[in-house]
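In: Show me the folded form of this:
(one chain, ligands or ions: 2)
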Amino acid sequence: MPTSHLSLRPRILRPTPVNLARAAAALRRGELVGVPSETVYGLAADAFSTAACAGIFEAKGRPTTDPLIVHLAGARDLGSVATVNEAALRLAERFWPGPLTLVLPKLRTVPDLITAGRSTVAVRVPAHPLFRRLIRLSGRPLAAPSANPFGYVSPTTAEHVRDGLSGTALRIVVDGGECEVGVESTIIDLTRAGRPRLLRPGGLAVEKLEAVLGVRVERPRPARIDPTRAAPAPGMLARHYSPKTPLRLHARLDADALGRLPADEAILLLRHPARSGRDSRLNWLSERGDLAEIARNLFSALRRLDAATWRVIHAELPVGEEGLAPAVRDRLSRAAAKR
Ligand code: TXA
Ligand code: MG
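Out: Numbering: from 1, shown residues only. Ligands and ions are numbered 1, 2, ... in the order given. Below you'll find the predicted structure:
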């Protein structure tokens with residue numbers, strides 16, 4: 001009998017004890033597993049195995065110049081992969097488990113493939129209890145990027161992972177429900193004493209880090225990011241998180257602006273518009289414009305609109321430097337960047 005391509009789709013497993021034990025056994029054998037996290041779903045593999053991690057790059061079609069984040073079950077394991085400093089301990093104590101990734105000098109235990117040959121490693125303790133359970137059950141740190149084909153919109157449900165990575169070596173995805181944060185972790189470089197630097201705005205607001213560190217966090221200006229260079233964080237590639245449908249960004253989409261847009265172009269607003277009527281082009285990320293809700297719904301909305309037949313998606317950008325506004329602006333800007 002001919003094998004249907006459907007047989008190459010990864011299976012979504014309910015998080016029963018038996019299924020979690022199966023997933024952990026697969027990780028110990030060096031296989032890939034789709035795992036839920038509070039930010040986005042991850043494509044996990046044994047962080048101490050170069051061969052297992054090579055499978056991640058292969059499945060995602062990700063260049064090996066783009067390093068992976070190492071996930072730990074708890075902050076006490078930090079010393080097994082990185083050289084710890086005072087700032088790292090303070091942030092870990094306050095924000096882990098949670099959507100914060102620390103970049104620190106790496107130890108030799110971490111394969112060079114994970115760090116793309118760098119002397120630093122990115123580390124985080126995820127808040128999703130199933131992710132931490134899998135790390136504990138498999139008995140090793142897990143390397144995991146977002147579980148999407150390289151460059152496409154990040155996954156916030158198990159179905160997104162299955163649909164995006166069908167036909168790859170990924171066999172199983174553990175279902176942990178919809179991601180609560182919805183955008184990736186905030187990444188901060190702590191390798192320069194006293195001069196923390198933001199590498200990626202994300203699910204934890206930078207002002208919260210500053211309040212704990214007692215110093216300003218340096219924020220590279222987005223315009224300065226050179227998309228052709230691998231540094232400082234390759235995930236800061238200008239084009240990333242992108243739907244296939246052309247995406248156009250707007251500082252403000254008022255009733256007049258909406259009236260001028262064609263009927264076959266979708267509109268993604270931050271909040272419920274004053275008058276929505278029967279306009280099928282209209283979509284909004286949050287009833288009241290709440291930033292956490294906007295972030296949580298962002299990627300699934302982009303995927304849903306991308307799957308329909310809209311000629312163009314018009315999206316509204318949040319303003320300000322507070323809360324998750326920089327993260328949402330960052331994801332939308334990269335999603336809209338030219339190829
Ligand atoms: O929320 C998240 O961070 C999710 C979940 C699964 O944990 N993971 C995630 O991974 O977003 P990924 O691979 O999509 O993005 C990781 C980013 C990349 O931009 C990479 O360049 C950066 O982390 N990175 C990793 N190691 C680094 C290092 N040593 N120095 C600087 N940036 C690093
Ligand atoms: Mg990613």
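In: contacting residues around stretch 160-175?
Out: Applying C-beta atoms under 8 Å, 6 or more residues apart in numbering, the contact partners of stretch 160-175 are 5, 8-15, 19-20, 22-23, 26, 31-36, 41, 43, 55, 58-60, 130, 134, 147-149, 152, 155, 158, 299-300, 303. Every C-beta, even on glycine, is put in place using the N, C-alpha and C of the backbone.
In: Now which of these would you call buried?
Out: Among these, those scoring as buried are 9-10, 12-13, 15, 19-20, 22-23, 26, 31-36, 41, 43, 55, 59-60, 130, 134, 147-148, 152, 155, 158, 299-300, 303 (criterion: 16 or more other C-beta atoms under 10 Å).
In: Take these and keep only those in strands.
Out: Per DSSP state E, strands hold the following members of those: 12-13, 33-35, 43.
In: I'd like a version of the residues you listed in TSV, one that adds pLDDT and distance to Leu68 as further columns.
Out: Formatted as TSV, these follow (pLDDT from 0 to 100; distance: C-beta to C-beta, whole Å):
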residue	pLDDT	distance to Leu68
Ile12	98	23
Leu13	98	23
Val33	98	14
Gly34	98	15
Val35	98	13
Leu43	98	9
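In: And these, which is closest to Val123?
Out: Val35 (16.1 Å; C-beta to C-beta).
In: From Ser119, how far off is the closest one?
Out: 27 Å (C-beta to C-beta, to the nearest Å).
In: before we move on, what about Leu291?
Out: Using C-beta to C-beta, Leu291 is found at 35 Å from Ser119.
In: Show me which of these two is the more surrounded one.
Out: Neighbour comparison, Leu291 and Ser119: the larger count goes to Leu291, with 20 against 10 (by other C-beta atoms under 10 Å).
In: Return the distance of the more buried one relative to Val18.
Out: For Leu291, the distance to Val18 - C-beta to C-beta - is 39 Å.
In: same question, Pro67
Out: 34 Å.
In: Comparing those two, which shows the higher neighbour count?
Out: Comparing Pro67 with Val18 by other C-beta under 10 Å, the one with more neighbours is Pro67, at 25 against 10.
In: Could you list which residues are in contact with that one?
Out: By C-beta under 8 Å, 6+ apart, Pro67 lies in contact with 114-116, 118, 121-122, 234.
In: Mind pulling the model confidence for it?
Out: Per-residue pLDDT puts Pro67 at 97.
In: Now it: phi and psi?
Out: Pro67 has phi and psi values of phi -70, psi 160 when expressed as degrees, to the nearest 10.
In: what do you get for the one 4 residues further on?
Out: Summarising the backbone geometry of His71 under the convention degrees, to the nearest 10, its torsions are phi -110, psi 130.
In: what's near enough to touch Ala24?
Out: Residues near Ala24 by C-beta under 8 Å, 6+ apart: 134, 137-139.
In: Among these, which one has the most neighbours?
Out: Ranked by neighbour count (other C-beta under 10 Å), the contacts of Ala24 have Leu134 at the top, with 29 neighbours.
In: I'd assumed Gly34 was in contact with it.
Out: No: Leu134 is beyond contact range of Gly34, at 10.6 Å (criterion: C-beta atoms under 8 Å).
In: okay, and the common contacts of those two?
Out: Shared contacts of Leu134 and Gly34 (C-beta under 8 Å, 6+ apart): 44, 174.
In: Give the helix, strand or coil label for the residue nearest to Thr186 when sequence neighbours are not counted.
Out: Leaving aside its chain neighbours, Thr186 sits nearest to Gly202 (3.7 Å; criterion: C-beta to C-beta, 6 or more residues apart in numbering). At Gly202, secondary structure determined by DSSP: H, G, I helix; E, B strand; the rest coil is coil.
In: ok, which residues in the chain are in contact with ligand 1?
Out: 37, 39-40, 42, 66-69, 99, 101, 103, 115, 118, 120-122, 124, 126, 144-146, 184-185, 187, 199-200, 233-235 (C-beta under 6 Å from any ligand atom).
In: Among those, name the ones in strands.
Out: Judged by DSSP E, these include 42, 69, 101, 103, 120-122, 124, 187, 199-200 as members of strands.
In: Could you give me the PyMOL selection string for whichever of these are buried?
Out: In PyMOL, this line selects whichever of those come out buried by 16+ other C-beta under 10 Å:
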select buried, resi 42+69+101+103+120+121+122+124+187+199+200
